[in-house]
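1. Sharing a model prediction with you, sequence too.
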Amino acid sequence: MHLNATPLRLVALLCVSLLATMAPGAHTAVPTADAATAGTAAAAAAAIPLADVLAADGSIRTDTGINAPLDMAGWSLLSNLSAGDAPRFAKTAPAGPTTAGWNALGDNGAGDGALTGGIYTIAVSGSDVYVGGQFTDAAGIATADNIAKWNGSAWSALGDNGAGDGALNGGVNAIAVVGSDVYVGGDFQNAAGIATADWVATWNGSTWSALGSNGAGDGALNNSVFAIAVSGSDAYVGGNFTNAAGVAAADNLAKWDGSAWSALGDNGAGDGALNSYLNTIAVSGSDVYAGGNFTNAAGIATADYLATWNGSAWSALGDNGAGNGALNNIVEAIVISGSDVYAGGGFTNAATIATADYLATWNGSAWSALGSNGAGNGALNSDADAIAIAGGNVYAAGYFADAAGIATADRVAIWNGSAQPQPTPGGETATPSLPPTDTGGAGTDGPGSLGQFLLSLAGLLMAVRLLTPSRALSRKS
């Protein structure tokens, strides 16, 4: 069916559809419960499913005429209509858990997940979850490429490139969020069309910007970024680059103070302190911990794969008793908890401890293992690529299987300081979960309240100009 709906009629139908989603108690002219039920049923029978008139990005297609109310059940309004934005919708997230423990973060509208490629990094700020990796069109949004934000109920893009695609044209390896600023590093160039926004850039909630330049029209960095850590106004960036912003000693690791780049020491021969790429950075007070593929940081024979910078000099974290570093292979992850430094990667026998394989902890003076496999080796049998600490528990993820001999502890496992927590007879061990989603019911600030309806009505009337055939809802929010 193709009907010729005018913009004003479309606005009116959207208003009716929004009103239909309100709780019956919010209506002041409902004569009886039976009449209300009958009216609701009749409206539902005549309503057009909202999904039938939506474009891939959730905006309303104007090539399909509408002359009946829209069935908006299961959909949430994303746009700020009162600001004149064009209406855009997303599937409403379930009000509560759908399966024990795990839940999805939205979908692609076709029964599969919202993301179509690999995820390399996640950062959380309040109720917002930022994910980066190598994907396109998250949740069907054309501009949500390689980075996207989940607000607890819907996905959104972080700007665009001005040509209908995402702002970033390559993979994202690192995200750090401080206040409203999102620092992003990866394999992209010319973020949002900015010539100097190469390999690293920042998003302030509305626009992208570069972090300096090389003085010749390109970005300050000349190769991939793998790690970012922010402390106060300082952003520490690590990766596979050399001579950041033309600074000869700013190799693989450099600091951006908001206006200029600088090196963290050197090797005594005019080059950077680190002689190979950096995978991870952690900051504690004035100390910066760096982990990666380097050896002999700043010329220190025992500063292999992991080292710390105190603001003026580099130092090693112990040794192997034979003149080399405590770790014998690459470091992929560092987390600091109090005075303890947890390191994960591809090493074995940290500081010659037979059970300190792939994951170990440094207390400021000595290394120790986190359990064992019961046969004299470490609890993990392959790389630990990610570490997180919460509530006294250490979470590790990587390529290992059967951690500590537990058949089900594959790829991810938890250490509680003495032994792996086991399920209780009546249920499961407690696991972190995302905050509950606001369902927007009556009496809240969600789409179901009378106040929100009135605001939406005003916004829809302001948005009439955006619904003319010439504009055709082409602007993406």
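-> Alright, I've got the coordinates. What you see is a predicted model, and the numbers here were worked out from it, not measured in a lab.
2. Return the distance of Asn243 relative to Gly109.
-> For Asn243, the distance to Gly109 (CB to CB, to the nearest Å) stands at 46 Å. (Glycine included, C-beta is placed from N, CA and C.)
3. Over to Gln189?
-> Separation of Gln189 from Gly109 (CB to CB) stands at 31 Å.
4. In terms of neighbours, single out the busier of these two.
-> Applying other CB atoms under 10 Å to Gln189 and Gly109 shows that Gln189 carries more neighbours, namely 18 against 15.
5. which non-adjacent residue is nearest Val341?
-> When the adjacent residues along the chain are set aside, Val341 lies closest to Trp362, with 4.4 Å between them (CB to CB, 6 or more residues apart in numbering).
6. check contacts around that neighbour.
-> Remark: with contacts taken as CB atoms under 8 Å, 6 or more residues apart in numbering, Trp362 is in contact with Leu317, Gly318, Ala326, Asp340, Val341, Ala343.
7. Quick one: buried ones out of those residues?
-> Leu317, Gly318, Ala326, Val341, Ala343 (16 or more other CB atoms under 10 Å).
8. just to revisit the earlier point, format the contacts of Trp362 as TSV; extra columns: distance to Trp367 and pLDDT.
-> Supplementary listing: the contacts of Trp362 in TSV, determined by distance: CB to CB, whole Å; pLDDT from 0 to 100:
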residue	distance to Trp367	pLDDT
Leu317	8	98
Gly318	6	98
Ala326	6	98
Asp340	11	97
Val341	10	98
Ala343	9	98
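9. now stretch 148-162: how far from the chain's centre is it?
-> 10 Å (CA atoms, centre = their mean, to the nearest Å).
10. can you give me phi and psi for Gly405?
-> Backbone dihedrals for Gly405, given as degrees, to the nearest 10, come out at phi 80, psi 10.
11. Now do the contacts for it.
-> For Gly405, the contacting residues are Asn373, Gly374, Ala375, by CB under 8 Å, 6+ apart.
12. For it, give its distance to Ala384.
-> Per CB to CB, Gly405 is found 16 Å from Ala384.
13. and if you look at Leu211?
-> Separation of Leu211 from Ala384 (CB to CB): 30 Å.
14. Next: Tyr236.
-> Taking CB to CB as the measure, Tyr236 and Ala384 are separated by 22 Å.
15. These two: who's more crowded?
-> More neighbours sit around Ala384 than around the other of Tyr236 and Ala384, counting by other CB under 10 Å; the figures are 31 against 24.
16. is that one in a bridge, and if so with what?
-> Bridge pairing for Ala384 (DSSP bridges) gives the partners Gly398.
17. and Trp203, how far is that from Asp266?
-> Distance, Trp203 to Asp266, using CB to CB: 32 Å.
18. Comparing these two, which residue is more hemmed in?
-> Set side by side, Trp203 and Asp266 show unequal neighbour counts under other CB under 10 Å, the larger going to Trp203 at 24 against 19.
19. State the pLDDT value of the residue nearest to Val341.
-> Note on Trp362: pLDDT of 98.
20. In strands, which of the buried ones among the contacts of Trp362 appear?
-> Counting by DSSP state E, the members of these that fall within strands are Val341, Ala343.
21. now, among the buried ones among the contacts of Trp362, which is nearest to Ala350?
-> Ala326 (5.4 Å; CB to CB).
22. Pull the contacting residues for that closest one.
-> Counting by CB under 8 Å, 6+ apart, Ala326 touches Thr302, Asp304, Leu306, Ala316, Leu317, Gly318, Asp319, Asn320, Ala350, Ala351, Trp362, Trp367.
23. Make CSV out of the residues you listed and add distance to Pro87.
-> Putting the contacts of Ala326 into CSV (distance: CB to CB, whole Å) gives the following:
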residue, distance to Pro87
Thr302, 62
Asp304, 57
Leu306, 52
Ala316, 59
Leu317, 55
Gly318, 60
Asp319, 63
Asn320, 63
Ala350, 56
Ala351, 60
Trp362, 54
Trp367, 58
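24. which one of the residues you listed sits closest to Lys149?
-> Checking the contacts of Ala326 against Lys149 by CB to CB gives Leu306 as the nearest, at 32.1 Å.
25. Quick one: residues contacting that closest one.
-> Under the criterion of CB under 8 Å, 6+ apart, the contact list for Leu306 reads Tyr289, Ala290, Gly291, Leu317, Gly325, Ala326, Leu327, Val331, Ile334, Ala343.
26. what helix or strand is the first one on?
-> Spelled out, it's Tyr289. Secondary-structure assignment from DSSP states H and E places Tyr289 in strand 287-292.
27. strand partners of that strand, parallel vs antiparallel please.
-> Using DSSP bridges, strand 287-292 pairs in its sheet with strand 278-284 (antiparallel), strand 306-309 (antiparallel).
28. starting at the chain centroid, how far to that strand?
-> Shown here is strand 287-292, whose average C-alpha point lies 22 Å from the average C-alpha point of the whole chain (CA atoms, centre = their mean).
29. If Lys149 is in a bridge, with which residues?
-> When assigned by DSSP bridges, Lys149 has beta-bridge partners Tyr130, Ser156.
30. list the contacts for it?
-> Per CB under 8 Å, 6+ apart, neighbours of Lys149: Asp128, Val129, Tyr130, Val131, Trp155, Ser156, Ala157, Leu158.
31. For it, give its distance to Leu115.
-> Plainly put, Lys149 is 12 Å away from Leu115 if you go by CB to CB.
32. burial of Gly159, as a residue count?
-> The number of residues packed around Gly159, counting by other CB under 10 Å, is 18.
33. quick one, phi psi at it?
-> The phi/psi pair for Gly159 (degrees, to the nearest 10) reads phi 70, psi -170.
34. residues contacting the residue lying closest to it once chain neighbours are set aside?
-> Closest residue in space to Gly159, ignoring its immediate chain neighbours: Ala167 at 4.3 Å, by CB to CB, 6+ apart. If a contact means CB under 8 Å, 6+ apart, then Ala167 has Thr143, Asp145, Ile147, Ala157, Leu158, Gly159, Asp160, Asn161, Ala191, Ala192, Trp203, Trp208 as its contacts.
35. Where strands are concerned, which of those residues count?
-> Secondary structure of the contacts of Ala167 is defined by DSSP E; positions in strands are Ile147, Trp203, Trp208.
36. In space, what's closest to the last one - neighbours in sequence excluded?
-> Think Trp208. Leaving aside its chain neighbours, Trp208 sits nearest to Ala192 (3.8 Å; criterion: CB to CB, 6+ apart).
37. quick one: the one you found and Trp415, what's the gap?
-> 41 Å.
38. I'd assumed Val230 was in contact with Ala176.
-> Yes. The criterion here is CB atoms under 8 Å, and Ala176 meets it with Val230 at 4.8 Å.
39. Which of the two has more residues huddled nearby?
-> Comparing Ala176 with Val230 by neighbour count (other CB under 10 Å), the higher total belongs to Ala176, at 23 against 19.
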